[in-house]
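Participant: Sequence plus predicted model, see below.
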Amino acid sequence: MEFLGYERPDGQVGLRNQVGIVSVMDNCNPVTRAICRSVNGTLPITTLFVRGQLGRDLEIAYDTLAGLARNPNIAAVVVVGLEPVTTEEVASRIRSCGKPVEVVDIQLVGGTIEATANGTRRAARLVREVTRQRRVPYPISKLTVGVECGGSDTTSGLASNPSIGVVADRIVEAGGRVVISETSEFFGAEELFAGRAADEKVAQDFLDAVLSFEREVMSRGLDLRGANPSKDNIRGGLTTIEEKALGAMAKAGSTPLVGVLRYGEAPQKPGLHFMATPAPAVESLTGLAAGGCQMILFSTGVGNPIGSTVATTVKVSGNRNTVDTFSDNIDFDVSAVIENAEPLGDAGARLLNYAIEVASGALTSSEVLDIRETAISRFEPSM
């Protein structure tokens, strides 16, 4: 199977062809947004914090911002910073992928008005250049797809997650990459998923990621039963953390787990990977997009509207009520699995065909309505 995409200098393939305007830190966000309001074909990649962050936390912030800009859906980049040293920390991490990178430093150009004008000119020039490129056919082995769930209910584990799992298997079997995330979603079923690992090291790396996070949560005196399943999960019929985990795992299909990734880390080989991320959707989507996922298949039962700013997000639901009442934010309906006994293989095949249409340019609800957000996870205090 093939899709139509845009070639990038590093050999990756974009599903979209936009110019990313990247804020190095939170005080640059107004300039970044002003540039995007002035130039069609741009995408704001904003962030909170960064200035004053420390150590590992700061490196994660820099790496994630750069990872979002390196995502193949971004054709070129304007980096908006406050001053040259921190601006270069991000810009230097992006240049390695070979796409055009320009920088604007607010202090050096003389304030926000001049920075906005400077960035607007740079962005407009880049948009004119990148829109000359045309889509060409590529095999689905060029896809890196994230699989996510949010607002889960009983239909998620029975219909939408397994349908996504069918797609995941097809992509992996074709030589592509699939990344499942949300560390806490594996609580109670981690041993089962570890049993799918390609070797003992991968299994141990996965268990270490899940169990160490579980210990950290418990060390703070928190009761996991009060937060997972969440209130909307419970309203949707999920009764235990184990039940939720078993349903969530279905998104990963049935192929072996071949790699365990840090937050925002890109997979380096084909196959199914796990990325250690928080469960809240925006943080998890941001990590997946920074890790190079061009598309995210997002299952929702009772309704979660958010999409990634950078990775094209497809909302899939198997809940007939949600498909009807939340229709503005649902892209693909697999409720026939429950309502009409549609085989999961057939639902997954339909979803794969739709995903290829999206990969080739069809816009999703979160893109059309601009229901998109970015939030980089943070793990340490600011200075």
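Facilitator: Good, I have the coordinates.

Participant: make it CA atoms for all contacts and neighbour counts henceforth
Facilitator: Noted.

Participant: Quick one: the helices in the stretch 1-150 of the chain, in order.
Facilitator: Shown for the stretch 1-150 of the chain, the helices assigned by DSSP state H, counting those that start in this stretch span residues 29-38, 55-70, 84-95, 106-109, 112-130.

Participant: Apart from its neighbours in sequence, what residue is nearest residue 196?
Facilitator: Of all residues not flanking residue 196 in the chain, residue 256 sits nearest, at 5.1 Å (Cα to Cα, 6 or more residues apart in numbering).

Participant: looking at this structure, which helix or strand is least sure?
Facilitator: helix 231-235 (a mean of 74; mean pLDDT, DSSP states H and E).

Participant: What's the first helix or strand after the helix or strand encompassing residue 350?
Facilitator: If you go by DSSP states H and E, residue 350 is part of helix 344-359. Counting by DSSP H and E, the next helix or strand C-terminal to helix 344-359 is helix 365-368.

Participant: I'd like to know which elements that following helix is packed against.
Facilitator: Counting contacts by 3 or more Cα pairs under 8 Å, 6 or more residues apart in numbering; DSSP states H and E, helix 365-368 packs against strand 312-317.

Participant: Parallel or antiparallel, which strands does the strand it packs on pair with?
Facilitator: strand 295-299 (parallel), strand 332-333 (parallel) (DSSP bridges).

Participant: Between helix 344-359 and that strand, find me the angle.
Facilitator: Per axes from the mean of the first three to the mean of the last three Cα atoms, to 10 degrees, the angle that strand 312-317 makes with helix 344-359 is 150 degrees.

Participant: what's the following helix or strand after strand 312-317?
Facilitator: Downstream of strand 312-317, the next assigned helix or strand under DSSP H and E is helix 320-325.

Participant: what mean pLDDT does that following helix have?
Facilitator: Averaged across helix 320-325, the pLDDT comes to 96.

Participant: Distance from the least confident helix or strand of the chain to the middle of the chain?
Facilitator: In terms of Cα atoms, centre = their mean, to the nearest Å, the centre of helix 231-235 is set 24 Å apart from its chain centre.

Participant: Number the chain from 562, please
Facilitator: Right, with 562 as the first residue, what we last looked at is helix 792-796.

Participant: pLDDT weak spots in the stretch 812-944 of the chain?
Facilitator: For the stretch 812-944 of the chain, no stretch has pLDDT under 70.

Participant: change it to 80
Facilitator: Low-confidence segments of the stretch 812-944 of the chain, defined by pLDDT under 80: 944.

Participant: Check what pLDDT residue 575 gets.
Facilitator: At residue 575, the pLDDT recorded in the model is 98.

Participant: State the number of residues packed around residue 686.
Facilitator: Counted by other Cα atoms under 10 Å, the residues lying close to residue 686 total 12.

Participant: Same question for residue 740.
Facilitator: 28.

Participant: Next, the contact list for it, please.
Facilitator: Residues near residue 740 by Cα atoms under 8 Å, 6 or more residues apart in numbering: 705, 706, 707, 708, 813, 833, 834, 835, 836, 849, 854.

Participant: Make sure the fourth one is actually in contact with residue 812.
Facilitator: Yes. The pair residue 708 and residue 812 qualifies as a contact (Cα atoms under 8 Å) at a distance of 6.2 Å.
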